[in-house]
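>>> Predicted model and sequence follow; I will ask about them next.
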Amino acid sequence: TQLLEQSPQFLSIQEGENLTVYCNSSSVFSSLQWYRQEPGEGPVLLVTVVTGGEVKKLKRLTFQFGDARKDSSLHITAAQPGDTGLYLCGAAGNKLTFGGGTRVLVKP
Amino acid sequence: NAGVTQTPKFQVLKTGQSMTLQCAQDMNHNSMYWYRQDPGMGLRLIYYSASEGTTDKGEVPNGYNVSRLNKREFSLRLESAAPSQTSVYFCASSEGVGGGLYEQYFGPGTRLTVT
């Protein structure tokens, strides 16, 4: 079982600031997914990355997959209160293994 | 389409009681999953069903059983609830398993408290 470490565990910032969350493992991922979960709801997929070095952009969100496919990051530019939530990374094998999550609070 | 539905939304059990959590999906997905979510521990896979008629253990299967009733429905049973099973339970579905290329669609969760 791959162990996924997410950091930081909690991040509180003001609206308009930038933030980055990280997902790391000692093992190589075949692919990785990022999900966002809002309070009282289930997670929703943001992106899937499959190629080492890949960068994907989703509006103000930028996702990077490390060259060695052992790490990934999510960067949010000019964060808004609507970005508040729990961000989870999931590494793929036969089934997904999730990290512990990063809880993000964007204050207006 | 309702997506993934779960019942009940909330449940309180006493230690030793049993219950079944129900999950249904209307997206014609082949694969279904049960997770539990505890503070600071993300989602941990309890059981999954790659296709109708098959079930496999995940990371934390002890104390649980599952049934893939048909392609739409996947239930999770706690035979003798324990306080350590207090958690939020999520059901999910996807077109298939493997390769991480399939999006998982999650239900709204069941909040279970065992006293």
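Noted; the coordinates are in hand.
>>> So which bits of chain B are right by chain A?
Neighbours of chain A within chain B, by Cβ under 8 Å from any Cβ of the partner chain: B:4, B:33, B:35, B:40-45, B:48, B:58-59, B:90, B:92, B:97-101, B:103-104, B:106-109. (C-beta placed from N, C-alpha, C; glycine too.)
>>> change it to 7 Å
Within reach of chain A by Cβ under 7 Å from any Cβ of the partner chain, chain B has these residues: B:40-43, B:45, B:48, B:58-59, B:90, B:97-101, B:103-104, B:106-109.
>>> Name only those of these that count as buried.
Using 16 or more other Cβ atoms under 10 Å in any protein chain shown as the burial test, these include B:42-43, B:45, B:48, B:58, B:90, B:97, B:100, B:104, B:106-109 as buried.
>>> Now do the contacts for residue 45.
As the question left the chain open, I've gone with chain A. Residues near residue A:45 by Cβ atoms under 7 Å, 6 or more residues apart in numbering or on different chains: A:33, A:35, B:103, B:104.
>>> The intended chain is chain B.
Contacts for residue B:45 (Cβ under 7 Å, 6+ apart) come out as A:95, B:33, B:35, B:58, B:59.
>>> which of those residues lies closest to residue A:4?
residue B:59 (12.0 Å; Cβ to Cβ).
>>> Can you give the distance of stretch A:74-90 from its chain's centre?
8 Å (Cα atoms, centre = their mean, to the nearest Å).
>>> Briefly note if it comes near chain B.
Yes - judged by Cβ under 7 Å from any Cβ, stretch A:74-90 and chain B are in contact via residue A:88.
>>> Quick check: mean pLDDT of that stretch?
Averaging pLDDT along stretch A:74-90 gives 96.
>>> which of the contacts of residue B:45 lies closest to residue B:52?
residue B:33 (14.0 Å).
>>> Now do the contacts for the closest one.
B:45, B:48, B:91, B:92, B:104.
>>> Where helices are concerned, which of those residues count?
Per DSSP state H, helices hold no members of the contacts of residue B:33.
>>> Need those in JSON lines (columns: pLDDT).
Compiled in JSON lines, the contacts of residue B:33 are given as follows (pLDDT from 0 to 100):
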{"residue": "B:45", "pLDDT": "93"}
{"residue": "B:48", "pLDDT": "93"}
{"residue": "B:91", "pLDDT": "97"}
{"residue": "B:92", "pLDDT": "95"}
{"residue": "B:104", "pLDDT": "91"}
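>>> where does residue B:23 land in three-state SS?
strand (DSSP: H, G, I helix; E, B strand; the rest coil).
>>> So it is in contact with residue B:90, correct?
No - counting by Cβ atoms under 7 Å, residue B:90 is not a contact partner of residue B:23; they are 9.0 Å apart.
>>> joint contacts of these two?
What both residue B:23 and residue B:90 touch, as defined by Cβ under 7 Å, 6+ apart, is the set residue B:107.
>>> Quick one: the strands in chain B, in order.
Taking DSSP state E as the criterion, chain B carries its strands at B:4-7, B:10-13, B:19-25, B:31-37, B:43-49, B:56-57, B:64-68, B:74-78, B:87-94, B:105-106, B:110-114.
>>> Repeat that for chain A.
A:5-7, A:10-14, A:19-24, A:32-37, A:44-49, A:55-58, A:61-65, A:71-76, A:85-92, A:96-98, A:102-107.
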